[in-house]
Each structure stands twice: as structure tokens, then as C-alpha cells.
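Visitor: 3D model of this:
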Amino acid sequence: MISHIVLLKCRADITEQQLGEMFCALHNLVEKIPGLQSCTSGSNCSPEGINRGYSHAFYMQFCSEHSRDAYLTHPQHEQVKRLIADVLQDTEDNVLVMDF
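Guide: You can find the predicted model right below:
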């Protein structure tokens, strides 16, 4: 199993509708990409104050490295990446990805 965590630094002016569309599109990938088993997403609500500007996140589980690798180049993923890019801050470190 591969866990895929993505942290996002979203612009302050994005609307709830934009966020909803992005998160919905991410969740819909579970039905479209073989081996993608689940997707969870949300906004930061930690009271600790150490999020370093990352305001939103999503977490996916894949059944294998192969399915994760297929997701990375899948046309449906490419469409969702455009939705994500539209909400990001214009900084070099606006996305953080870790897989394990």
C-alpha cells in the first residue's frame, strides 16, 4: 500500500465553491483511476499554529506503487491538477508531497 499526502498553500481569495470543486474532483478520481482506494481532504483546523502556511490537504491510498505511478500520468489526474493550480498561492513552495 502507498499513502500519498499533499499539502497546499491556497490563496486567501479562493471561494468555497472553488475548494468544493477541487475536493470533489479529487474524490471522484477514486472511481476513475484503478488502484486508487481512497481520498480524504480538508482545510487545516489545527490550533497548534505550525502549519507553515499550508492551508489545505488531501490524502490518498493506493494499492501499490504501480497504481500510484499510473495515477501520476493519468489524464483525469492532469485535469484535477489544473483545478489545484488555480487555487494555489504564487510561491515556489505552494505544494508539498510525500509518499510512503
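Visitor: who's the residue positioned nearest the centre of the chain bridged to?
Guide: Geometric centre of the chain, nearest residue: residue 58, 4.2 Å, by Cα atoms, centre = their mean. Per DSSP bridges, the residues bridged to residue 58 are residue 6, residue 41.
Visitor: Strands of the protein, residue ranges please.
Guide: For the chain, the strands defined by DSSP state E occupy 2-8, 36-43, 56-62, 95-99.
Visitor: JSON lines please, covering these and showing mean pLDDT and distance to residue 85.
Guide: Every residue, glycine included, has its C-beta placed from N, CA and C. Formatted as JSON lines, the strands of the chain follow (pLDDT from 0 to 100; distance: least, Cβ to Cβ, whole Å):
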{"stretch": "strand 2-8", "mean pLDDT": "98", "distance to residue 85": "10"}
{"stretch": "strand 36-43", "mean pLDDT": "97", "distance to residue 85": "16"}
{"stretch": "strand 56-62", "mean pLDDT": "98", "distance to residue 85": "13"}
{"stretch": "strand 95-99", "mean pLDDT": "97", "distance to residue 85": "9"}
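Visitor: Could you dump those strands into CSV and include distance to residue 82?
Guide: Formatted as CSV, those follow (distance: least, Cβ to Cβ, whole Å):
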stretch, distance to residue 82
strand 2-8, 14
strand 36-43, 17
strand 56-62, 15
strand 95-99, 13
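Visitor: List the contacts of the residue nearest to the centre of the chain.
Guide: Contacts for residue 58 (Cβ atoms under 8 Å, 6 or more residues apart in numbering) come out as 5-6, 8, 23, 26, 39-42.
Visitor: ok, of these, which come out buried?
Guide: Buried by 16 or more other Cβ atoms under 10 Å: 6, 8, 23, 26, 39, 41, out of the contacts of residue 58.
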